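S.K.: Below are the sequence and a predicted model; questions follow.
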Amino acid sequence: MTVFHGLGPVPGTDVRAVAEILAGETGAMPHLPILPARGLGSDAVGRTAALCVDLSVDRGARSWRITDRPGHAQRVAADHVERDLDVCEEFWGTGPDTVVVPVTGPWTLAASLELAGGHRMLTDGGAVTYLAESLAAGVADHVADVRRRFDAEVLVVLDEPAAGAVAAGRLPDATGGSHLPPVGHREMSEAWRTVTGGTPPTVLSLPGLADGVHVALIDSGAASVAVPVSAIRGTAALDALGAVRASGIDVVFGAVPARPQGTDAHTGEYLEPEFRDVAVDVARLWDELSFPRIDLVDHVGLTVAPGFAAAPAEWIAPAYAAGRRAAELMGRAAGDL
C-alpha cells in the first residue's frame, strides 16, 4: 500500500510534542525527529557527525570541523540523539511496524565538514572514503539501537541536499574565489554503496535529479529515492526519473506542502492541505512518466516538500494528516484519481 512518512527534520523545539504527533499521524511508520530550531547540536549535519565512529568534530566559526578529540558541540549533539530516542521510546513503545531513521549522507557531510586547514573535507578523497566508512559503522550501530528499543523494522533515510552541487562543481572553495571540481558519478555511487551496503532498506533523499545525479543514484544501492514533485519538471527531469524507476528504485514524492496554505477564519488554526489534490498531483505526474497507475500502490510513497523544518510548529499535525490521507486515497483508488 502507498505510505506516507516524514524524512526527519521538523519545525519547533519540543521533541515530546513532536513524538506525540508522530504517534498519532504516522503511528505504524514514525520517523526519528530532527529539530534544528533547538540550536547547537540539533542540526542534521551535527547529529549525524556525532553518530560516526572514530570521528571527532566540533562547531567552528563557519561550520562543523574535524578535531583531534570530541568537542563540546559533538557531545551536545550525541546527547540530543540519546534523549530524543528516550522520548520517542516513551511515546511509541513497541507500536511501530517500521521506524524511519534519518541521517545526512556522506557527500553532504563531506561538503559541510571542514578539515584543520579550513578546506572542505570534500577536497581530500582519502578523507571522504574514511568518512563514508565511519558513517556506515555509525549508522549500523544506530540502527541496532533503534531495533532494540522499538522491536521494529528500520528504514534509513540518507539525506543528500548537497548532491547536485557536489556533482556539478558548484561548491565554493575555502577562499570563495573559485569552485571545487565536480565529483564523478562513480565516486558518488561508491560512497553511497559503502553506507547502504550495511544498512536496512535505504531512501536516498535528493533535491532533484539534475546534473546527472540520477546516474549515480541508480548504482547507489538505495531501495527508494525521495524527490520533490516541484523538481520533476521538463523532459530531462522526467527522463531521469523514468530511468531511475525503470532500474527498480521506488519513488517517494515530496508532495505535501511544506508551509501553511491558510487559516480557519473562526479558530485561526492552520487549514489542513487538500489531501485529494496531493494525491491527484502525484497521479498525474506518474501518468507523464507513462508508468501504470497500479504502481502507485506498491512503488510510490509520499512525504513533505522541502523546507518543512522552517514552518511553524503548529503545521506538523495538519501536514502529516494530509499526507496520511493522501496516501490512503492513492492506495485504495489509484486508478480513479
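M.R.: Sure, I can see it. Numbers count the residues shown, from 1 in each chain.

S.K.: Check whether Ala223 really touches Thr202, as I assumed.
M.R.: Yes. Counting by Cβ atoms under 8 Å, Ala223 touches Thr202, with 5.9 Å between them. (Glycine included, C-beta is placed from N, CA and C.)

S.K.: neighbour count winner among those two?
M.R.: For Ala223 and Thr202, the more surrounded residue by other Cβ atoms under 10 Å is Thr202, and the numbers stand at 25 against 16.

S.K.: Quick check: bridge partners of that one?
M.R.: Val156 (DSSP bridges).

S.K.: Pull out the buried positions in the longest helix seen in the chain.
M.R.: Taking DSSP state H as the criterion, the chain has its longest helix at helix 125-150. Buried residues in helix 125-150, defined by neighbour count with 16 or more other Cβ atoms under 10 Å: 127-129, 131-140, 142-143, 146, 149-150.

S.K.: Kindly report the same for stretch 199-217.
M.R.: 199-200, 202-217.

S.K.: Next: stretch 289-302.
M.R.: For stretch 289-302, burial by neighbour count (16+ other Cβ under 10 Å) applies to 291, 293, 296-297, 299-302.

S.K.: now do stretch 231-241
M.R.: So for stretch 231-241, counting by 16+ other Cβ under 10 Å, buried means 231-232, 237-238, 240-241.

S.K.: hang on, the earlier thing: let's see which of the buried residues of stretch 289-302 end up in helices.
M.R.: 296-297.

S.K.: Which one of the buried residues of stretch 289-302 is nearest to Met330?
M.R.: Met330 lies nearest to Leu296 out of the buried residues of stretch 289-302, by Cβ to Cβ, at 5.2 Å.

S.K.: re earlier: let me have the buried residues of stretch 289-302 in JSON lines, adding distance to Asp84 and pLDDT as columns.
M.R.: Converted to JSON lines, the buried residues of stretch 289-302 look like this (distance: Cβ to Cβ, whole Å; pLDDT from 0 to 100):
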{"residue": "Phe291", "distance to Asp84": "37", "pLDDT": "95"}
{"residue": "Arg293", "distance to Asp84": "38", "pLDDT": "95"}
{"residue": "Leu296", "distance to Asp84": "33", "pLDDT": "95"}
{"residue": "Val297", "distance to Asp84": "33", "pLDDT": "95"}
{"residue": "His299", "distance to Asp84": "31", "pLDDT": "97"}
{"residue": "Val300", "distance to Asp84": "29", "pLDDT": "97"}
{"residue": "Gly301", "distance to Asp84": "23", "pLDDT": "97"}
{"residue": "Leu302", "distance to Asp84": "24", "pLDDT": "98"}
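
S.K.: Which of the buried residues of stretch 289-302 fall within strands?
M.R.: 300-302 (DSSP state E).

S.K.: List the buried residues for whichever strand or helix holds Ile316?
M.R.: Per DSSP states H and E, Ile316 falls inside helix 316-333. Applying a neighbour-count criterion of 16+ other Cβ under 10 Å, one finds 316-331 buried in helix 316-333.

S.K.: same deal with stretch 13-27?
M.R.: For stretch 13-27, the neighbour count (16+ other Cβ under 10 Å) marks 15, 17-23, 25-26 as buried.

S.K.: on that earlier part again, the buried residues of stretch 231-241: which two are farthest apart?
M.R.: Between any two of the buried residues of stretch 231-241 (Cβ to Cβ), the greatest distance is 10.8 Å, for Ala231 and Leu238.

S.K.: Leu158 and Val87, how far apart?
M.R.: 24 Å (Cβ to Cβ, to the nearest Å).

S.K.: Settle it for me: which of the two has more neighbours?
M.R.: Higher neighbour count among Leu158 and Val87: Leu158, with 29 against 17, using other Cβ under 10 Å.

S.K.: if we can go back for a sec, I'd like to know which of the buried residues of stretch 289-302 is nearest to Val195.
M.R.: Using Cβ to Cβ, Gly301 comes nearest to Val195 of the buried residues of stretch 289-302, at 20.4 Å.

S.K.: which ones are touching the closest one?
M.R.: 2-5, 224, 226, 250-253, 327 (Cβ atoms under 8 Å, 6 or more residues apart in numbering).

S.K.: partners of it in the sheet?
M.R.: Under the criterion used (DSSP bridges), Gly301 bridges to Val252.

S.K.: quick one: the helices in this protein?
M.R.: So, for the chain - with DSSP H - the helices run 15-25, 44-51, 72-92, 106-112, 125-150, 163-168, 185-196, 213-218, 235-246, 275-288, 295-298, 316-333.
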